[in-house]
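*Asks:* quick check, what structure comes out for this input:
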Amino acid sequence: MGVIRAGILSRVSGKVAGVVGGAWKDKAYLREYVIPANPNTMPQQLQRLKMMRAVGFAKALVGPVFNVYTDRFQRSMSGFNRFVKDNIAYCLSTITFASITMLSGKLWTPTTLVATLDGVALTLVYDGVTVGNNGSLTDKIYACAYDSISMLWFFPAAEALRGDGTIDIGVNAGITATNLKCWLWAAQYSATSPTLLQMTSNAIYDVAAAA
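*Replies:* Residues are numbered from 1 along each chain as shown. You can find the predicted model right below:
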């Protein structure tokens, strides 16, 4: 049975006659009640498989990446849902890492990234001088790395500044450089007003073993 919260024009929860009411992202809605079909076609099975892989790949990113960055920047859907929407097509039998977009925005992207692994120390070196038409040397820089064998994510202990030109990530012993993929991005926001103004994602970067 449906429940009308406070008057006929207010929020409806549950089924009322031929319609279903609810809320998503604090937005009330009404839709026609339809019993969903489930023909379990091959395209549906493939889509479900891609969804499962995309969700599994992104789960570890919710706290350190999506909650901290994407959710501040975007209101229409969560950072997690946005990531899955943008990347589900690249999550087939194997994930197409080169096509994965971690986040998106208009801030100038740090470039000329070199990533090297020396033991358990992964170092990402980027251009800390060029700021483009809207960057700043005080932009926040953060990154993440994924090991395609252990399926583990690794993150820096703290943000760096664009002007630092380098950021470090600690990884587990035994991780091999050739199996690591890295993403790095810049963000602008104020500690006193933590609304993220702009952010951007680099393309993915392969890691080289230290000489």
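
*Asks:* average pLDDT across stretch 150-170?
*Replies:* For stretch 150-170, mean pLDDT is 96.

*Asks:* mind checking the end-to-end distance for that stretch?
*Replies:* The distance separating the two terminal residues of stretch 150-170, taken as C-alpha to C-alpha, to the nearest Å, comes to 15 Å.

*Asks:* count the residues that sit near the closest residue to Asn67 other than its chain neighbours.
*Replies:* Computed as C-beta to C-beta, 6 or more residues apart in numbering, the closest residue to Asn67 that is not its neighbour in sequence is Gly79, at 7.0 Å. All C-beta spots, glycine's among them, are computed from the backbone N, C-alpha and C. Each residue near Gly79 was counted by other C-beta atoms under 10 Å, and the total is 22.

*Asks:* next one: Thr176
*Replies:* The burial count assigned to Thr176 is 14, neighbours taken as other C-beta under 10 Å.

*Asks:* okay, now the domains of the chain?
*Replies:* The record, using automatic domain parsing to delimit domains, assigns the chain the ranges 3-32, 42-209.

*Asks:* may I have the phi/psi pair for the residue nearest to Asn67?
*Replies:* The phi and psi torsions at Gly79 (degrees, to the nearest 10) take the values phi -60, psi -40.

*Asks:* so it sits against Thr70, correct?
*Replies:* Yes: between Gly79 and Thr70 there is a contact at 2.8 Å, judged by C-beta atoms under 8 Å.

*Asks:* mind listing the shared neighbours of the two?
*Replies:* The contact sets of Gly79 and Thr70 overlap at Leu103 (C-beta atoms under 8 Å, 6 or more residues apart in numbering).

*Asks:* who touches the residue nearest to Asn67 in this structure?
*Replies:* Under the criterion of C-beta under 8 Å, 6+ apart, the neighbours of Gly79 are Val62, Val65, Phe66, Asn67, Tyr69, Thr70, Asp71, Leu103.

*Asks:* would you quantify the distance from it to Arg72?
*Replies:* Distance, Gly79 to Arg72, by C-beta to C-beta, to the nearest Å: 9 Å.

*Asks:* one more: Leu161?
*Replies:* 18 Å.

*Asks:* do Thr111 as well
*Replies:* Noted for Thr111: a distance of 24 Å to Arg72, by C-beta to C-beta.
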